[in-house]
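Novice: Just the structure for this:
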Amino acid sequence: MALDIAPNMPPEPLTSFPTPELYCTCTGTLVAFETDTSKISKAAKATLPTANEIRQLSINTFHLSYIPDNWQIQTVKEVHEGKDSIFITGTGYGKSYVFETLALLGERKVMLVICPLKTLEYDQAAQATAKGLRMVVLNEDTSDTAENWKTARLSAQLVYMSPEMALSPCFDALFKDGKFRHWLKAVIVDEAHCIDEWGDDDFHPLYCQLNRLCLFTGQEVPFLACTATCQTQTFNLLWDTLGYGNRPFWGIDVGCDQENLLFLIQKITNEAEPVLDALGILPSHMDVETPASTSGNHYI
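Specialist: A predicted model of the protein is given here:
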């Protein structure tokens, strides 16, 4: 049974490792939940960067034209402290910022990012490269190149791959490499809801076996799950699959309220040519002076 928190009521601080039943769900508002942080020493906390330091470092390094949101900074901070984490946020909210900024902090700078699709791997890799980060994509198209494995072991800050590649014998060898394990900072599971949606079918069956990675990472490397949708059933599965509950845990549900999105429902009147009804939603004339409220991407 999930604990539902009213939109204007933050959850009570949790004083012990949560079970899935303690997961706080809330739609359209910012909700955070965490477990006991007593395992993080005062000395260790004193050396951690502040939220303002993280924000300024990312702005200066990536030449950002915007100010990162508080939830992004807080997520970076919590994972950097070594906490298993999850963040639930809509598409376009800036999840890549979290991955990329983590690669800037501390001695350990390698982020292993597990993606469900090659297109996502290449898209995120291109974004990271544009910001000056060293990255490598390891999948069935690139894994035969020895130079890519060398890059992953010695210099990459972000390593993108599928769950199949992460659990392959080739990657076993990389995980057993002392230098790589020393630099590995976090394992990030992008589109984590796919563990629930695809883990039981023939498309991505190894999604449900990602807890095998814990045999290599032990207690030192946190797991971060990110998703745009996470019902209680999905959260329960993520909890077990990613081995949550053994390290301090933190999570946040940012909600999916975007002011620049408009949902319009219109009954089809022209069943023979329904596209004509859809075109009727659009302005009859659009150019560079068309207001932003009537232009943009339209999904039908």
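Novice: Please count neighbours and contacts with C-alpha atoms only from this point.
Specialist: OK.
Novice: OK, contacts around the residue lying closest to Thr142 once chain neighbours are set aside?
Specialist: Spatially, and ignoring its direct neighbours in sequence, Thr142 is nearest to Asn148 (7.3 Å; Cα to Cα, 6 or more residues apart in numbering). With contact set as Cα atoms under 8 Å, 6 or more residues apart in numbering, Asn148 has these partners: 136-138, 142.
Novice: Show me where this protein has its helices.
Specialist: Using DSSP state H, the helices of the chain run over 42-46, 51-62, 70-80, 95-102, 118-130, 146-154, 163-166, 169-175, 178-183, 194-198, 214-217, 232-241, 274-279.
Novice: Low-confidence regions, the chain specifically.
Specialist: Residues of the chain that meet the criterion pLDDT under 70 lie in 1-47, 197-204, 256-264, 266, 281-284, 286-300.
Novice: Geometric centre of it: which residue is closest?
Specialist: Cys226 (3.3 Å; Cα atoms, centre = their mean).
Novice: Hmm, it is touching Asp84, no?
Specialist: No - counting by Cα atoms under 8 Å, Cys226 stays clear of Asp84, with 11.5 Å between them.
Novice: What separation is there between the residue of the chain most remote from its centre and Val110?
Specialist: Most distant residue from the mean C-alpha position of the chain: Ala272, 42.4 Å away (Cα atoms, centre = their mean). Look at Ala272 and Val110: by Cα to Cα, to the nearest Å, they are 55 Å apart.
Novice: what do you get for Glu81?
Specialist: 15 Å.
Novice: the more surrounded of those two?
Specialist: Neighbours per residue (other Cα atoms under 10 Å) separate Glu81 from Val110, with Val110 holding more: 29 against 17.
Novice: Identify the residues contacting that one.
Specialist: 103, 156-159, 183-186.
Novice: Reformat those into JSON lines and put distance to Tyr244 next to each item.
Specialist: Putting these into JSON lines (distance: Cα to Cα, whole Å) gives the following:
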{"residue": "Ala103", "distance to Tyr244": "22"}
{"residue": "Ala156", "distance to Tyr244": "26"}
{"residue": "Gln157", "distance to Tyr244": "24"}
{"residue": "Leu158", "distance to Tyr244": "23"}
{"residue": "Val159", "distance to Tyr244": "22"}
{"residue": "Trp183", "distance to Tyr244": "22"}
{"residue": "Leu184", "distance to Tyr244": "18"}
{"residue": "Lys185", "distance to Tyr244": "16"}
{"residue": "Ala186", "distance to Tyr244": "14"}
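Novice: Might you specify the subset of those located within strands?
Specialist: In strands, defined here by DSSP state E, the members of those are 158-159, 184-186.
Novice: that older thread, state the pair within the contacts of Asn148 that is farthest apart.
Specialist: Maximum pairwise distance among the contacts of Asn148 (Cα to Cα): 9.2 Å, between Val136 and Thr142.
Novice: Which one of these two is surrounded by more residues?
Specialist: Val136 (24 against 13).
Novice: How about the contacts made by the more buried one?
Specialist: Contacts of Val136 (Cα under 8 Å, 6+ apart): 125, 148, 151-152, 156, 158-160.
Novice: Please determine how far the closest residue to Ala51 other than its chain neighbours is located from Leu57.
Specialist: Nearest residue to Ala51, sequence neighbours excluded (Cα to Cα, 6+ apart): Ile73, at 6.1 Å. Taking Cα to Cα as the measure, Ile73 and Leu57 are separated by 11 Å.
Novice: Tell me, how many residues neighbour the closest residue in space to Leu237 that isn't next to it in sequence?
Specialist: Excluding the flanking residues, the one nearest Leu237 by Cα to Cα, 6+ apart is Asp196, at 6.8 Å. By other Cα under 10 Å, 19 other residues sit near Asp196.
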